[in-house]
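Peer 1: Structure, please.
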Amino acid sequence: MMSMIRVFVYGTLKTGEPNYHYMVDAANGVARFVGKARTVDRWPLVVASKYNIPFLLDLRGQGERVEGEIYDVDQKMADFLDDFESHPKLYQNTKIVIEQLTNEEDHDLGDGKVTHQCSAYLLKNFKPHMAELPCLSNYSSHGVAGVNAYMESDDLTDAKDLDPG
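Peer 2: Numbering: from 1, shown residues only. Predicted coordinates for the structure are as follows:
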């Protein structure tokens, strides 16, 4: 039996978002949708940089309970995600507690919600003003009130390219 790693995605890797195709590309490994979910703790989910990228700041207890999706991924996909998220140079792959809201068929779990320790990509080294940005509970690449839409970029490996200014 293949060992799987539980991952929480909250931004451009979610279903319907611009980088979701990486999650379903078998060349990157296996990613099995577990269900919709949200963080147990509050975290600041902000959109910053000239590319309007979602960042989950490593400030547990601030912000909102963030909605996203849980996936079980194999080691190949986990390695791909670490590379995609520029771990550990930009984001830090960190275990956080996630509450599962639906099952893989998207049925609400109702009172039967369960929690999981999931890997999530947090921004630990951020400029102090980023903590003052509006916090979201649910990211959309199309933008929401006061937050601009996501912009594609070929290379985001250099953290200074992500400097929100």
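Peer 1: Beyond the lengthiest helix in the chain, next helix or strand please.
Peer 2: Ranked by residue count and defined by DSSP state H, the top helix of the chain is helix 75-84. Under the assignment DSSP states H and E, the closest C-terminal helix or strand after helix 75-84 is strand 91-100.
Peer 1: burial measure for Asp82, as a count.
Peer 2: Neighbour count of Asp82, defined by other CB atoms under 10 Å: 15. Backbone N, C-alpha and C define where each C-beta goes, glycine included.
Peer 1: Nearest residue to it in space, ignoring adjacent ones along the chain?
Peer 2: Asn93 (5.9 Å; CB to CB, 6 or more residues apart in numbering).
Peer 1: I figured that neighbour hits Asp83, correct?
Peer 2: No - between Asn93 and Asp83 there is no contact under CB atoms under 8 Å: 10.9 Å.
Peer 1: In the longest helix of the chain, which residues are buried?
Peer 2: Judged by neighbour count using 16 or more other CB atoms under 10 Å, the buried positions of helix 75-84 are Met77, Ala78, Phe80, Leu81, Phe84.
Peer 1: And stretch 25-43, by the same measure?
Peer 2: Using 16+ other CB under 10 Å as the test for burial, stretch 25-43 gives 28-31, 33-39, 42-43.
Peer 1: Throw those into TSV and include distance to His107, pLDDT and secondary structure, thanks.
Peer 2: Formatted as TSV, these follow (distance: CB to CB, whole Å; pLDDT from 0 to 100; DSSP: H, G, I helix; E, B strand; the rest coil):
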residue	distance to His107	pLDDT	secondary structure
Asn28	27	98	helix
Gly29	26	98	coil
Val30	23	97	coil
Ala31	20	98	strand
Phe33	13	96	strand
Val34	13	96	strand
Gly35	9	95	strand
Lys36	10	95	strand
Ala37	14	96	strand
Arg38	16	96	strand
Thr39	21	97	strand
Arg42	26	98	coil
Trp43	26	98	strand
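Peer 1: Give the single residue among those residues positioned nearest to Ala131.
Peer 2: Taking CB to CB as the measure, Trp43 is the one of those closest to Ala131, at 11.2 Å.
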